[in-house]
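build me a model from this:
(chains A and B)
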Amino acid sequence: AQSVSQHNHHVILSEAASLELGCNYSYGGTVNLFWYVQYPGQHLQLLLKYFSGDPLVKGIKGFEAEFIKSKFSFNLRKPSVQWSDTAEYFCAVNAKAAGNKLTFGGGTRVLVKP
Amino acid sequence: DGGITQSPKYLFRKEGQNVTLSCEQNLNHDAMYWYRQDPGQGLRLIYYSQIVNDFQKGDIAEGYSVSREKKESFPLTVTSAQKNPTAFYLCASSRAGEPTDTQYFGPGTRLTVL
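Numbers count the residues shown, from 1 in each chain, chains lettered A, B, ... in the order given. Got it, this is the predicted structure:
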């Protein structure tokens, strides 16, 4: 079945460390790509999105993501994390091949130790 | 303040009972969505509606029903036919339901079946 995969379920790192979260999808054709974040006790909110143009996308709070079409990937990065980045991160894909519905990955829980 | 409200925050239900979860938005968005969130599985689409008086099944619609009588409201009924209803339910809306639209999420309702 076509899907969105986030291979890391849990990540633990210290403040100032670099973060990279993987996201792979299996849809061909036109895709629109999103990263959402759910901070403890808060609503799910958009970090960044890509649908065309420069494949390196910058989002809020210093996050960025790179779309690599040949690898069907949209990995999220942040060069130096803070304790406040502790959250669950979700990759999501809206693909024409999936009927233009948003499909989410399983999420990655990130814990940043102070 | 514009946003999405869901009520109640916590809901307990006995087996065999139907229960309705409320979702209201004042963002003037045309499209609304219901997702179910289970640990490690991300968000899965239950139903969505792109316009008043019209809605479509998502990936896991069995045991659920919805209505869209008003633009701002999209209630979800969890019926007794839903085999495993205990979960966290999220409502979302987007401007027009286009593939590139950002979805905005409510705070969620945690349903527990006793």
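
residues of chain A that sit close to chain B?
A:4, A:6, A:9, A:30, A:32, A:34, A:36, A:43-46, A:49, A:51, A:90, A:92, A:94, A:96, A:100-107 (C-beta under 8 Å from any C-beta of the partner chain). C-betas here are computed from N, CA, C, even on glycine.

output the lowest mean pLDDT helix or strand found in chain A.
strand A:101-104 (a mean of 92; mean pLDDT, DSSP states H and E).

quick revisit: filter the residues of chain A next to chain B down to the buried ones and hand me the PyMOL line.
In PyMOL, this line selects whichever of the residues of chain A next to chain B come out buried by 16 or more other C-beta atoms under 10 Å in any protein chain shown:
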select buried, chain A and resi 4+6+32+34+36+43+44+46+49+51+90+92+94+101+102+103+104+105+106+107
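
mind checking which of the residues of chain A next to chain B are in strands?
A:4, A:32, A:34, A:36, A:44-46, A:49, A:90, A:92, A:94, A:101-104 (DSSP state E).

quick one: which two of those are the most distant?
Largest separation among those by C-beta to C-beta: A:45 and A:101, giving 19.8 Å.

for residue B:112, helix, strand, or coil?
Three-state call for residue B:112 (DSSP: H, G, I helix; E, B strand; the rest coil): strand.

is it in contact with residue B:12, as I believe?
Yes. Contact criterion C-beta atoms under 8 Å: residue B:112 and residue B:12 qualify, at 5.1 Å.

residues contacting residue A:87?
Residue A:87 makes contacts with A:37, A:38, A:39, A:40, A:109, A:110, as judged by C-beta atoms under 8 Å, 6 or more residues apart in numbering or on different chains.

count the neighbours of the first one for me.
I take that to be residue A:37. Using other C-beta atoms under 10 Å in any protein chain shown, the number of residues around residue A:37 comes to 22.

look up how far chain B lies from it.
Separation of residue A:37 from chain B (C-beta to the nearest C-beta, to the nearest Å) stands at 11 Å.

note down every partner strand of the longest strand anywhere in chain B and its orientation.
Identified as the longest strand of chain B according to DSSP E is strand B:42-51. Using DSSP bridges, strand B:42-51 pairs in its sheet with strand B:31-38 (antiparallel), strand B:54-57 (antiparallel).

can you give me the buried ones in it?
Neighbour-count burial for strand B:42-51 flags B:42, B:43, B:44, B:45, B:46, B:47, B:48, B:49, B:50 (criterion: 16+ other C-beta under 10 Å).

what's the end-to-end length of stretch A:19-36?
Length of stretch A:19-36, first residue to last, C-alpha to C-alpha, to the nearest Å: 15 Å.

quick check on residue A:84: phi, psi?
phi -70, psi -10 (degrees, to the nearest 10).
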